[in-house]
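[1] here is a sequence with its predicted model. Questions after.
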Amino acid sequence: MIAGTAPYPRNQWYVAASVGELEGGPLQRWLLDTPVVLYRGASGEARALLDRCPHRGLPLSQGRIVGDTLQCRYHGMRFDGAGRCVDLPSGGPVSDRLCVTPYPLVQRWQWLWIWMGDPELTDPAAIPDIGPFGFGREDWCDEVGPLLPVAANYLLPFENLLDASHISFLHHGLIDSGDVAAQPFTTELHGDWMRVSRFIENETVSPLTQATFAMASGTANRTITADAHAPNLCGIRVDITGTDNGGEGTRTNQLMVGITPVSRGCCMQFTAIAQNFPFANPNREADVRSLLMEDVEAMESIQALIDKIDPAQCQEVSVNADAPAMRMRRRIIDMLAAEGSVE
């Protein structure tokens, strides 16, 4: 299995949307090669259904919310959150087949997580907990970041986030002074999570780092930590301590990225940010988007090439910095094997 063509495990929770995306009515989203409609009814509970009316096939996302039901705009049939037809305006018996596949949807923090695998294996306790990373804590500041569609296989951005050695080159000085790639790293396993850490001492603070951490120019000690939860989540934590800040404590910025396959060749990155100090950069959303788009453009270029050349030319040669990603790739292969879908 190589990134670019990797299948995705289905028996996993994936981020389907942020809470705010459901404020405008039914939302269509393609997830795991499947059209899904997300909506919030009068009860306030978010729901997810297959986005296809079983009568004549119009997407239910084109309809409207009526109470706790979703009404198809073609013939007015209404379906509840369990996918059952509860109103047939044209009359007659309601067939048991007149139903829509429902998908479990659970809110954690400001994200909605969906399960599209084997219904008998559904377990909300398996949703990755981002609380320990500062999200939802009263003493931290947090917010939803930009949503980034990526025309690339989900494994490409997952492994890109896990390996910080690209920062010195792909991001050409935006968030480092060229020292990250050469730094040694440590790898730890904590249950379902892998942690990869790098420490950079007495580093020149970049302009973007100054804006993010409300720091003056100068030098700082910085730790970059990647926390990965295969196959759906990766966090990047940056701890900064100024070397000339008169004893001010460490400031932490935590980026969390939920990675959700759309298809074999496309995915979405749901981003969120938490800090242990108040947000100071008024342009932070644009800055985060601009920074991450450099990754997106690289991943899309890799995918476009994979799609065009002979598979025999797509072999990868890994180096020491890839060891954590390869370890997580093997974990994903085990997940696929358990589902009987390893290629």
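    Looks like it came in fine.

[2] now do the helices in the stretch 201-343 of the chain.
    Assigned by DSSP state H, counting those that start in this stretch, the helices in the stretch 201-343 of the chain fall at 207-213, 284-308, 323-339.

[3] tell me which of those helices lies nearest to T243.
    Closest of the helices of the stretch 201-343 of the chain to T243 is helix 207-213, at 13.4 Å (criterion: C-beta to C-beta). (C-beta placed from N, C-alpha, C; glycine too.)

[4] report the mean per-residue pLDDT for the closest one.
    On average, the pLDDT along helix 207-213 is 88.

[5] find me the pLDDT at E343, would you?
    62.

[6] for F79, find the nearest of the helices of the stretch 201-343 of the chain.
    F79 lies closest to helix 323-339 among the helices of the stretch 201-343 of the chain, at 28.6 Å (C-beta to C-beta).

[7] buried residues in that closest one?
    By 16 or more other C-beta atoms under 10 Å, the buried positions in helix 323-339 come out as P324, A325, R327, M328, R329, R331, I332, I333, M335, L336, E339.

[8] Q303 and Y154 touch, don't they?
    No: counting by C-beta atoms under 8 Å, Q303 does not reach Y154; the two are 10.6 Å apart.

[9] looking at those two, which is more packed in?
    Legend: neighbour count by other C-beta atoms under 10 Å for Q303 and Y154, higher for Y154 (29 against 21).

[10] where in the stretch 101-250 of the chain is pLDDT low?
    217, 244-248 (pLDDT under 70).

[11] let me see the ranges of the strands in it.
    For the stretch 101-250 of the chain, the strands defined by DSSP state E, counting those that start in this stretch occupy 105-108, 111-115, 141-150, 185-190, 193-204, 219-229, 233-242.

[12] format those as TSV; extra columns: mean neighbour count and distance to D163.
    Formatted as TSV, these follow (neighbours: other C-beta atoms under 10 Å; distance: least, C-beta to C-beta, whole Å):
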stretch	mean neighbour count	distance to D163
strand 105-108	17	26
strand 111-115	23	24
strand 141-150	17	16
strand 185-190	12	9
strand 193-204	17	8
strand 219-229	21	8
strand 233-242	20	10
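
[13] out of those strands, flag the one nearest T252.
    Of all the strands of the stretch 101-250 of the chain, strand 233-242 comes closest under C-beta to C-beta, at 5.1 Å.

[14] for that closest one, enumerate the helices and strands it packs against.
    Where contact means 3 or more C-beta pairs under 8 Å, 6 or more residues apart in numbering; DSSP states H and E, strand 233-242 is packed against helix 155-162, helix 207-213, strand 219-229, strand 251-263.
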